[in-house]
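Trainee: have a look at this fold, sequence not included:
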């Protein structure tokens, strides 16, 4: 049985121990009922993948990249539940980027990863690997190793092992960052008790009041929908006269539309927790989720086919409509607007 990291256990328990949230939409339900369990789930999946790599390596001194693909995809699935949250522990120290660096139009990850593959093995030790380029690490780096387009220049298994070890540590750090304690209150407390500080701390609170905290979370929600429309769909769609299927996310592992579907479902869970009375937003998200489920575009090849392209464009319109509906319905209900998003300017 795969071991569950202590941090993941702590956060899973934390999320389950607060009791039910209030009947109305609020930050408590969003954080404790949706976000905290999602990060704990990713930590479990990352630990399970690392355990499988370690078991293979310890028993034979090598690994079977193809045999690792199911555990990798489970970890990727779990990440999509939190992939669009670019604040707090995910933003701190670039952890979110280290777990999933995409898009990478200049191919920085492949270049940095090649240097690690054929370079000094000492750079694969946890302390040194943790300071390598974020573009070479995490799920993006693993995809290149588990779904190679050509024969690797060296045995990929030591780098696979270093990458999964690093990602499991990043997942634990995210879990710990959301947790709460008397000495080191986590990001959950920053959202749930805005204006509070750690005892004796001279740092200013991240959010001064509930409105600022709600706005921060709402901005993440809106940014997630925008990223789906403009990046996960917009990049491969390109233009009518120049579609760009090669720009699709996770093309090698065939996850292009799966990632979209999972992220939309995650955003819907957050909306339902934060403001379950947002019926129009939930209905708009349901339309987008249903349309995403009908797509069979693991590599977005359909952007080059006129008939299939129409269906992908329809999904993009549905996603944008869901975002517009959330802005018109949820923002007034929550008393917030749009703030700065760490994805702005990407």
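Mentor: All right, it came through fine. In this text the structure is predicted, and so the values were computed from the model without any measurement. Numbering: from 1, shown residues only.
Trainee: pick out the residue nearest the middle of the chain.
Mentor: Nearest residue to the geometric centre of the chain (Cα atoms, centre = their mean): residue 83, 1.6 Å.
Trainee: so what's it up against?
Mentor: Residues in contact with residue 83 (Cβ atoms under 8 Å, 6 or more residues apart in numbering) are 96, 100, 224, 259, 263, 266. (Glycine included, C-beta is placed from N, CA and C.)
Trainee: which of the residues you listed fall in strands?
Mentor: Among those, none falls in strands (DSSP state E).
Trainee: which residues of the stretch 101-250 of the chain score low on pLDDT?
Mentor: Residues of the stretch 101-250 of the chain that meet the criterion pLDDT under 70 lie in 180-185, 197-202.
Trainee: ranges for the helices of it?
Mentor: Ranges of helices within the stretch 101-250 of the chain are 108-118, 126-129, 138-146, 157-178, 187-192, 210-227, 234-237, based on DSSP state H, counting those that start in this stretch.
Trainee: relative to residue 301, which of the ones you listed is closest?
Mentor: Nearest of the helices of the stretch 101-250 of the chain to residue 301, taken as Cβ to Cβ: helix 234-237 at 9.0 Å.
Trainee: what sits up against that closest one?
Mentor: Counting by Cβ under 8 Å, 6+ apart, 103, 243-249, 256, 300, 303, 309, 312-313, 316 sit against helix 234-237.
Trainee: longest helix of this protein?
Mentor: helix 306-334 (DSSP state H).
Trainee: before we move on, the earlier item: make a markdown table from the helices of the stretch 101-250 of the chain and add mean neighbour count and distance to residue 294 to it.
Mentor: Below are those laid out as a markdown table (neighbours: other Cβ atoms under 10 Å; distance: least, Cβ to Cβ, whole Å):
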| stretch | mean neighbour count | distance to residue 294 |
| --- | --- | --- |
| helix 108-118 | 17 | 31 |
| helix 126-129 | 13 | 41 |
| helix 138-146 | 24 | 25 |
| helix 157-178 | 24 | 32 |
| helix 187-192 | 22 | 35 |
| helix 210-227 | 21 | 19 |
| helix 234-237 | 20 | 17 |
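Trainee: is it true that residue 304 touches residue 244?
Mentor: No: the pair residue 304 / residue 244 is not scored as a contact, 9.0 Å apart, by Cβ atoms under 8 Å.
Trainee: circling back to that earlier point, which of the contacts of helix 234-237 are buried, as a PyMOL select command?
Mentor: Listed next is the PyMOL selection for buried residues among the contacts of helix 234-237, using 16 or more other Cβ atoms under 10 Å:
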select buried, resi 243+245+247+248+249+256+300+303+309+312+316
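Trainee: between the contacts of helix 234-237, which is nearest residue 44?
Mentor: If you rank these by distance to residue 44 using Cβ to Cβ, residue 249 comes first, at 23.5 Å.
Trainee: the closest one: what's it in contact with?
Mentor: With Cβ under 8 Å, 6+ apart, residue 249 has these contacts: 102-103, 231-232, 235, 255-256, 259.
Trainee: and of those residues, the nearest to residue 116?
Mentor: For these, the nearest to residue 116 is residue 102 (18.3 Å; Cβ to Cβ).
Trainee: quick check: the gap between the closest one and residue 228.
Mentor: From residue 102 across to residue 228, the span is 13 Å (Cβ to Cβ, to the nearest Å).
Trainee: just want to know which of the two has more residues nearby.
Mentor: Per other Cβ atoms under 10 Å, whichever of residue 102 and residue 228 has more neighbours is residue 228, with 26 against 19.
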